[in-house]
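Q: Based on what follows, work out the 3D shape:
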Amino acid sequence: MRPESITWERAAEVRAAADGWRRAGAIDGPTHDAIRRAYPDPCVTPSAVWRVLTAVMVTIVVLCALGAVAVTTRPREPGFTVLLWLFGAACVVATEYMEASPRLARRGVAGAASSCGIVLFLAGLGLFLHVVLAIGGDAAFDALLLASALTWAAGAWRWGSPLFAGLSAASLFVLLARLPFGRVVWVIVGSALVGLATPRLDDGALAPSHRRAATVVLLAGIAAVYVALNVYSLDQGALESLRRFAPQRVPSTAAFAVAAVATAGPASTFMGRHSGSSDEAGNVGS
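A: Numbering: from 1, shown residues only. Below you'll find the model as predicted:
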């Protein structure tokens, strides 16, 4: 992220915290005003509804412009690939321009432009691999998943989008599920992501949006480990269905036993806490 963007984000976070403290009565009016003066935020931040509507409108405009150029020029597959990449590059350039402007950075336009840029790039890459290079379906799909994981991760790091971090993690785990022993790989990689993301949650050197992205990665890692060890997922072959064409293997009894223990552990912990809370409520009522 740009240094100025990080400064704006931190100022907005402190100001939002000060507003909460003022509503809760933790600070008085002069202290609240002093905090807001000490952390000026030049960015214009419309409501969430306005930002969503703006993002939808920008996406529609980009797609309509792409469709108009495609209908007018009628390019073949290689030409359409180049057209997708040109529009994607234009969206990325527009995002960089808007992210540098306090008036445009948080209006929803930059987020929509960055999303369109990445989606158009991946669409062009998929067309290039499958149609232009005539690469087989599985190989092209795997390459597209790898590019998707890397591209969304780069977008999350550059523009600080937790959504992009989630899309990167999703692409990565779908790719890993297609490998041999994908369930084991999910456990290993999911645990590694949890270990890497946990120290970043409170890392003051990171931008607030990067810390939120780390939270998304942490949750994705936990979910991946749980799904990989879940006995229902193992019984239904949820991850195995994502693999490349291969004979379906029946899980061993030992695998079912491990999955049952891993599934029952969190459930028993939750039930124990729930029953403890019920007992405490009963004691209070009596």
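Q: show me what contacts the residue most central in space within the chain?
A: Closest to where the C-alpha atoms of the chain average out (Cα atoms, centre = their mean) is residue 166, at 1.9 Å. Residues in contact with residue 166 (Cβ atoms under 8 Å, 6 or more residues apart in numbering) are 216, 217, 220. Every residue, glycine included, has its C-beta placed from N, CA and C.
Q: helix, strand or coil for the first one?
A: Right, the one you point to is residue 216. For residue 216, the reduced secondary structure class is helix; criterion used: DSSP: H, G, I helix; E, B strand; the rest coil.
Q: So it sits against residue 164, correct?
A: No - at 9.1 Å, residue 216 does not count as touching residue 164 under the criterion of Cβ atoms under 8 Å.
Q: More neighbours: those two, which one.
A: Each of residue 216 and residue 164 had its neighbours counted (other Cβ atoms under 10 Å), and the higher figure belongs to residue 164 (24 against 20).
Q: Work out for me the element the more buried one sits within.
A: helix 162-177 (DSSP states H and E).
Q: could I have the helix or strand following that helix exported to PDB, CA atoms only?
A: Proceeding C-terminally, helix 162-177 gives way to helix 182-197 as the next helix or strand, assigned by DSSP H and E. Once side chains and other backbone atoms are set aside, the C-alpha atoms of helix 182-197 remain, and they are given as PDB (Å, rounded to 0.1, in the frame of the first residue of the first chain):
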ATOM      1  CA  GLY A 182      -5.100 -33.000  -1.000                       C
ATOM      2  CA  ARG A 183      -6.800 -33.500   2.400                       C
ATOM      3  CA  VAL A 184      -3.400 -33.900   4.100                       C
ATOM      4  CA  VAL A 185      -2.100 -30.800   2.200                       C
ATOM      5  CA  TRP A 186      -5.100 -28.800   3.400                       C
ATOM      6  CA  VAL A 187      -4.300 -29.600   7.000                       C
ATOM      7  CA  ILE A 188      -0.600 -28.700   6.600                       C
ATOM      8  CA  VAL A 189      -1.200 -25.500   4.600                       C
ATOM      9  CA  GLY A 190      -4.200 -24.400   6.700                       C
ATOM     10  CA  SER A 191      -2.100 -24.800   9.900                       C
ATOM     11  CA  ALA A 192       0.700 -22.900   8.300                       C
ATOM     12  CA  LEU A 193      -1.600 -20.000   7.400                       C
ATOM     13  CA  VAL A 194      -3.000 -19.900  10.900                       C
ATOM     14  CA  GLY A 195       0.600 -19.800  12.300                       C
ATOM     15  CA  LEU A 196       1.600 -17.000   9.800                       C
ATOM     16  CA  ALA A 197      -1.600 -14.900  10.200                       C
END
